[in-house]
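# Quick one: sequence plus predicted model below, questions after.
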Amino acid sequence: MLSRSHSIALALASGSILARPHVRELTRCIRPEVALPFGYRFLFALLALGMSVSSARASVIDFNEIASAPCLGSGASPITSDGFQFTATAGGFGSLTICDDSSGYASNGSNFLTEVFNSTITMTAEGGGTFSLNSLDATRLHQGFDFDATEWRITGHLSGGGTVTTTFQLDDVADGVGGADDFQNFIFPNTFVDLTSATFVGWDAEAGQQGQAAYGALDNIVVNQPVPEPSTGLLVFAGLLVLAGSHRART
């Protein structure tokens with residue numbers, strides 16, 4: 001579906017909006033009693049399109065392009081997926097694994113990322129740059145196990161300095177293939193934008209077990225990354241070339 005600004009741009013280019021009374025008044029102000037030529041319509045269309053181009057590209061990190069392994073087997077760090085790098089830090093085995101439904105633990109029908117015994121996960125964009133976090137799927141790895149995560153604590157590190165935090169509370173469902181939905185979907189607060197990195201900590205908040213959890217899993221991390229926008233100056237220049245060409249054609 002076309003956005004409103006794209007629709008306006010197309011209408012300007014086709015002349016449909018120019019027929020409306022209030023727009024005719026505008027064109028008279030520009031050049032009294034003269035219909036707006038195609039070159040001007042084209043220039044306005046370029047400007048409208050330039051202003052409406054999305055400034056971010058959304059993508060889903062699903063880990064499906066990586067070969068899976070047993071969840072509690074030997075892992076690796078870092079792991080790279082869909083343009084992002086995930087590094088295990090701060091204690092534990094210091095490694096991550098990509099599990100699937102055959103592992104005998106939590107299940108969602110595809111590959112997912114697990115932390116191996118008290119590993120903090122740090123996420124960065126390959127090659128640097130900033131990103132925003134929109135949502136993710138998360139779970140514990142075992143059902144009813146004392147050392148699994150009961151919540152995920154996530155910290156975003158802002159490009160301008162400072163941090164933002166959020167906590168996602170987990171249920172106790174992780175019964176594997178054929179059972180209830182193991183993974184829950186969580187939406188990030190709108191403060192998780194313009195990040196240089198994010199850290200994910202599985203946390204066990206149960207009485208008597210409080211501390212960094214041994215096991216947890218993440219999947220389908222939805223991110224936005226900035227994309228270059230067409231320069232307004234270049235769009236205007238292109239429009240002026242069209243105007244010059246149409247003027248020469250008339251003379």
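Sure, I can see it.
# Using the record's assignment, carve the chain into domains.
1-53, 57-226 (automatic domain parsing).
# which stretch in those domains has the least confidence?
Sorting the domains of the chain by mean pLDDT places domain 1-53 lowest, at a mean of 47.
# Could I get the contacting residues of residue 80?
The contact partners of residue 80, by CB atoms under 8 Å, 6 or more residues apart in numbering, come to 86, 126. C-beta coordinates here come from the backbone N, C-alpha and C atoms, glycine included.
# Run through the bridge partners of it.
In this entry, residue 80 is beta-bridged to residue 85, by DSSP bridges.
# If you count contacts, what does the strand or helix carrying residue 224 end up packed against?
Taking DSSP states H and E as the criterion, residue 224 maps to strand 215-226. Packing contacts for strand 215-226, counted by 3 or more CB pairs under 8 Å, 6 or more residues apart in numbering; DSSP states H and E, involve strand 56-61, strand 112-116, strand 120-125, strand 132-139, strand 195-204.
# Tell me which residues of stretch 126-133 come out buried.
130, 131, 132, 133 (16 or more other CB atoms under 10 Å).
# okay but the last one is in contact with residue 156, surely?
Yes. Between residue 133 and residue 156 a contact is recorded at 6.6 Å, counting by CB atoms under 8 Å.
# residues shared between the contacts of the two?
Shared contacts of residue 133 and residue 156 (CB under 8 Å, 6+ apart): 192, 195, 198.
# partner residues bridging the last one?
As for beta bridges, residue 198 partners with residue 123, residue 156 under DSSP bridges.
# list the contacts for it?
Neighbouring residues of residue 198 by CB under 8 Å, 6+ apart: 122, 123, 133, 154, 155, 156, 157, 192.
# Report the angle between the helix or strand containing residue 152 and strand 195-204.
Taking DSSP H and E as the definition, residue 152 sits inside strand 151-158. Orientation check (axes from the mean of the first three to the mean of the last three CA atoms, to 10 degrees): strand 151-158 against strand 195-204 gives 160 degrees.
# what's in contact with strand 151-158?
Residues outside strand 151-158 that contact it (CB under 8 Å, 6+ apart): 133, 138, 163-170, 186, 188, 191-192, 194-203, 205, 216, 218.
# Filter these down to the buried ones and hand me the PyMOL line.
Of the contacts of strand 151-158, the buried ones can be selected in PyMOL as follows, counting by 16+ other CB under 10 Å:
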select buried, resi 133+138+164+166+168+170+186+188+192+195+196+197+198+199+200+201+202+203+216+218
